[in-house]
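1. I need the structure of the sequence given here:
(4 chains)
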Amino acid sequence: MIDKTVPSLEVAVQGLEDGMVVMVGGFGDSGTPHELLNAVLGRGCKDLTIVSNNAGDGDRGIAALILHHRVRKVICSFPTTAHNYAVREAVERGEVELELRPQGTLAECIRAGGAGLGGVLTPTGLGTELAEGKPVIELDGRQYLVERPLRADFALVRGWRADRWGNVVYRYAQQNFNPLMAMAARCTVVQVDHVHEVGEIDPMQVHTPGIFVDRVVRVEREVRA
Amino acid sequence: MIDKTVPSLEVAVQGLEDGMVVMVGGFGDSGTPHELLNAVLGRGCKDLTIVSNNAGDGDRGIAALILHHRVRKVICSFPTTAHNYAVREAVERGEVELELRPQGTLAECIRAGGAGLGGVLTPTGLGTELAEGKPVIELDGRQYLVERPLRADFALVRGWRADRWGNVVYRYAQQNFNPLMAMAARCTVVQVDHVHEVGEIDPMQVHTPGIFVDRVVRVEREVRA
Amino acid sequence: MSRGWSETEIARRVLADLWEGAYVNLGIGMPLRLNELLTPEMGIILHSENGILGMGPAPPPDRRDDDIVDAGKAHVTLIPGASVFHSADSFAMLRGGHLDVAVLGAYQVSMRGDLANWKRPGQRLAGVGGAADISVGARRVWVMMRHLTRDGEPRLVRECTFPLTASRVVKRVYTDMAVIEVTEHGFRLLETAPGYTAAEVAAATGAPLALPEGVGG
Amino acid sequence: MSRGWSETEIARRVLADLWEGAYVNLGIGMPLRLNELLTPEMGIILHSENGILGMGPAPPPDRRDDDIVDAGKAHVTLIPGASVFHSADSFAMLRGGHLDVAVLGAYQVSMRGDLANWKRPGQRLAGVGGAADISVGARRVWVMMRHLTRDGEPRLVRECTFPLTASRVVKRVYTDMAVIEVTEHGFRLLETAPGYTAAEVAAATGAPLALPEGVGG
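-> Here you go, the predicted model:
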C-alpha cells in the first residue's frame, strides 16, 4: 500500500545533506514550514542554498539556519522584512550570497523548473538593474529577459490536509510558493495539520497532486498565545 | 452590484466579430462549450481563428463552424479524431489553415499568453518536424524551442459552477484547457450548469478566479439519451 | 500643516478615481490606507500578490488568521466572493494585464513614468518583492506618495536618481499637494490640494508641469 | 498463430516490469490494454494527460460520465486518491520528469531510441496530441507495438523513415515477439516470446540486435 507519511520530522528530512539546494515555502508566517526548518537545523546540514520568497525574519526558520551558519546562498525576492538582521548581517560580512529575483519571476522560475521548461521570458525587470547580467531576447518586436529555471534537491512545503498518497490541500493564502516548490524538487516534503486516508479528499479540491510529493509528516498546528 | 451573469447565449457572445481569434476549451466532449459554439454559429461570424485542442468532430461544435465556412485557421494539437471529416476536407481544399502544436506546448503557450510571458522554452519537438521554422535557444548547454504565446479575443469556456463575480469550479476532467484559456482572452465567457450567489463558493475551491472572467451564462446540462 | 491632503485624504482622492468592479492591487505602505476606506458597496476587489483576490480589512485581534495575510504580512480578511491561489497564478494576473489598477508607493517618479520604489541608491541589501512585476503588469499604475522628500527635494523628477523598478509605467501620481498625470509629454497637473496653487505645485515638482486649460502659471 | 504474445500478453509483460507506487501514462491504442489488467492492489497510478491522476478502468455503460474520460476520449473512472487538474499542470508532470513510465504505441523505433508514432510519411493531416511532450518528459519511455508491419517490414530500425515524435527517448520495446532494450550501443534482446528463437527475433529486427549473455545467435 502506497503510504508517503513518515513518522517524524527527523525522518522527513533524511537525505538532506550539506551543499544541497532547499526550497522553502511560505510568505511571512503564512504557509511556512517552521517545524521542518527546525528539523533541518537539528540535522546540522551546512552550505545550503535556500530558495524562498523571504530570507528569514527574527531568529527562527531560515533566520535560525543563517544564524547557525548553515546557509551559503539565498535566492529570494524580499529579504528586507522588519527583523531581518540575520540575513542582513550575514550578507554584510560576506558569509551569505544573495540572489534577488522579482517575486513573480521567482514564482515562475520555480514553476518552470518543475515543468521542465528551459526558462522564463518576462518583461519584468527590463531597463532596471534587476536585468543586469541576464540575457535579453527579442520576439515579435518586444524584448524579454531570459530568467533561468530553478530546481532543488529538497522542497519543504507547508499544507493543511494531505492523504497518504501525498495529495495536498492548502488553507487560504497558505498556498503562495508551496504548490510551485512541490513541483520543482527531487524530494518534496510536506508538513500538514491533518492526514487523511486515501479517497477522503475530493479530487476536485486537490491543490498539489500526490505525484509531486515524496513525504508527508503531520505536525500539530502551533497555537499562538 | 457586480454581476457577470448574462441572460442568454446570444448576449454571451456579443462582440464576437469576423476575423477574431477564439479559444475553445474542452477535450473531446469533456468541458466543451457546445452551446456557446452554437451561439457563435448563430451569430454568423466568419474568418475565425480557432484555438482548441481538437479541431471538431462529427458535425457539431467547431466542426459545425468549419462546415459553415466560418473558420480560416485552426491552432490545435490533435485534429485527427475519429470523425474529423469537417476539418480534414476543409484543410484539403485549402479553406482552413492548420497550425499544429504539441498538446503540452499548446497548453503552456496559452498560459504564457494569459500570464504576460514572452513565450515558452520547451524541449518538446526538438529534432523533429514539429520544430520547423521555430527559433532554438541554447541555455546552460541545453537546447529549447522558443514557442510563441497565444492570446485570443474571446475564450469560450465550459465550467460546472460559477458565482456572479465569475469564480468558476470545474467538474472532474472538465478542466483541461478551460482554466488556461480563461486567462488568455480579452473577453472570457463561461457557460456553467449552476450559478451561485457571491460567497457561496469556498475560496479554496475556486479553479478560475473571477478576475479572468467577463461573462457567465447558465446552460442546462444536456441529458444524453 | 492645514494645507494639502493627509494620507487618508490622498487615499480618499484615489478612491474617487476607482470604480465598481475594478480589480486593484495595493502596494505596501501608504496605499494600504485604501483598504481602511473601502466598503462592500463600492464593489472594488483587492488583489494581494501573495495569493488573494477579494481581500478585506484587518480583523479584530481575536479573529486573526495566520493564513490570511496581505503582501505586507499583516492580518487581513477575505470578503464574500474571494478566491485564493498560488504565487505563479497570482503574478499571472499582474504580468498578464488583468489587474485594472495598481496603487503603489514610490521614492521617485520621472516625467516619462519611470518608477523607483524598491531601493535607495547605494543600499546594500534591498528587496524588490512584487513591485517590479506589479508595475510592469497592471493596466494602470498609480503612485501615492508625498510630493517632497523630508529634505524638501522633489520626488517628481526629470530622471530618477534612485534605481528603477520599471520604466515608463506610471500613469498618475497622487500626493499631498496634487494629482498629476504622466502623459507622453511629461507631467500634467490635474488637481491641486486645498491650500496649494498650481504655481506652488509646479515649483515643488522637479520637471516641467503642464497646467490644465484655464489655469495660469 | 500460436507463436508469440497476444496484445493482452504483451500488456501483462509490461505490467510485470512496473512496480507499486509507479506513476504511469498510457498512450492511445495498445497501451490502454494495461488499464484492463490493473487492480487496486498493484498500486500503479495512471496519469491521463487531459488532466487525471488516478485513472481507473471503464465504468459500466450506465455509469459513464462525460467529465471523466481518458486521453482517447473514452469513458473511464477515478480511483480513490485521484486528482484532477488543467492541461498545463498535467504536462508539467510529464515535461518536468515526474512520470515514472510512459507506455506508448509506435510506428517505428530506431536503434538510438528515436520514436516515430504520430504521423505516417506524406500524411497531410496528422495530430501529435500529447505524444511529443510525453516521450520527451517521462523518465522511462517504453513502447508497445507489433514487431513487424502488416507487410512484414521491421518496425525496429536503424533510422526511422517515419517523422519523429522525439529523438533518443525510447528505453524498452515490448512486441509480440520479444522484449528489447535500447542501449547506448543499439538494441539488446532481453526476452523472447514463446515460440520464437533469438535468431528469429534478430531476423525480424531492422538493426543489429545484441543477445543476452549465454544466448547464441
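2. For A:Y144, which residues count as its bridge partners?
-> A:I137 (DSSP bridges).
3. Show me where chain A has its strands.
-> Along chain A, the stretches classed as strands by DSSP state E are A:21-24, A:48-51, A:71-76, A:97-100, A:120-122, A:136-139, A:142-147, A:152-158, A:161-163, A:168-169, A:185-192, A:194-196, A:215-218.
4. Need the ones you listed in a markdown table (columns: mean neighbour count and mean pLDDT).
-> From N, CA and C alone the C-beta is placed, and that goes for glycine too. Output for the strands of chain A, formatted as a markdown table (neighbours: other C-beta atoms under 10 Å in any protein chain shown; pLDDT from 0 to 100):
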| stretch | mean neighbour count | mean pLDDT |
| --- | --- | --- |
| strand A:21-24 | 27 | 98 |
| strand A:48-51 | 25 | 98 |
| strand A:71-76 | 22 | 98 |
| strand A:97-100 | 17 | 97 |
| strand A:120-122 | 29 | 98 |
| strand A:136-139 | 13 | 96 |
| strand A:142-147 | 19 | 98 |
| strand A:152-158 | 28 | 98 |
| strand A:161-163 | 25 | 98 |
| strand A:168-169 | 26 | 98 |
| strand A:185-192 | 24 | 98 |
| strand A:194-196 | 16 | 98 |
| strand A:215-218 | 22 | 98 |
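5. Could you dump those strands into TSV and include distance to B:V157?
-> TSV is the format used below for these (distance: least, C-beta to C-beta, whole Å):
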stretch	distance to B:V157
strand A:21-24	32
strand A:48-51	34
strand A:71-76	35
strand A:97-100	37
strand A:120-122	26
strand A:136-139	27
strand A:142-147	27
strand A:152-158	30
strand A:161-163	28
strand A:168-169	24
strand A:185-192	31
strand A:194-196	31
strand A:215-218	34
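6. Identify the residue spatially nearest to residue 87, adjacent ones excluded.
-> Using chain A. A:A55 (4.1 Å; C-beta to C-beta, 6 or more residues apart in numbering or on different chains).
7. my bad, the chain I had in mind was chain C
-> Here the residue nearest C:S87, using C-beta to C-beta, 6+ apart, is A:A107, at 3.8 Å.
8. quick one, what contacts that neighbour?
-> By C-beta atoms under 8 Å, 6 or more residues apart in numbering or on different chains, the contact set of A:A107 is A:177, A:180, C:86-88, C:90-91.
9. how about the nearest residue to C:R172, chain neighbours excluded?
-> C:W142 (4.6 Å).
10. Look at the one you found and say how many residues are nearby.
-> 22 (other C-beta atoms under 10 Å in any protein chain shown).
11. That one: what secondary structure?
-> strand (DSSP: H, G, I helix; E, B strand; the rest coil).
12. Give me the pLDDT for it.
-> Model confidence at C:W142, given as pLDDT, is 98.
13. Close to chain B: what parts of chain C are there?
-> C:20-21, C:23, C:43, C:45, C:47, C:53-54, C:78, C:80-85, C:88-89, C:91-99, C:136-137 (C-beta under 8 Å from any C-beta of the partner chain).
14. Restrict these to the buried ones and give me that as a ChimeraX selection.
-> What follows is the ChimeraX syntax selecting those of the residues of chain C next to chain B that are buried according to 16 or more other C-beta atoms under 10 Å in any protein chain shown:
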select /C:21,23,43,45,47,53,54,78,81,82,83,84,85,88,89,91,92,93,94,95,96,97,98,99,136,137
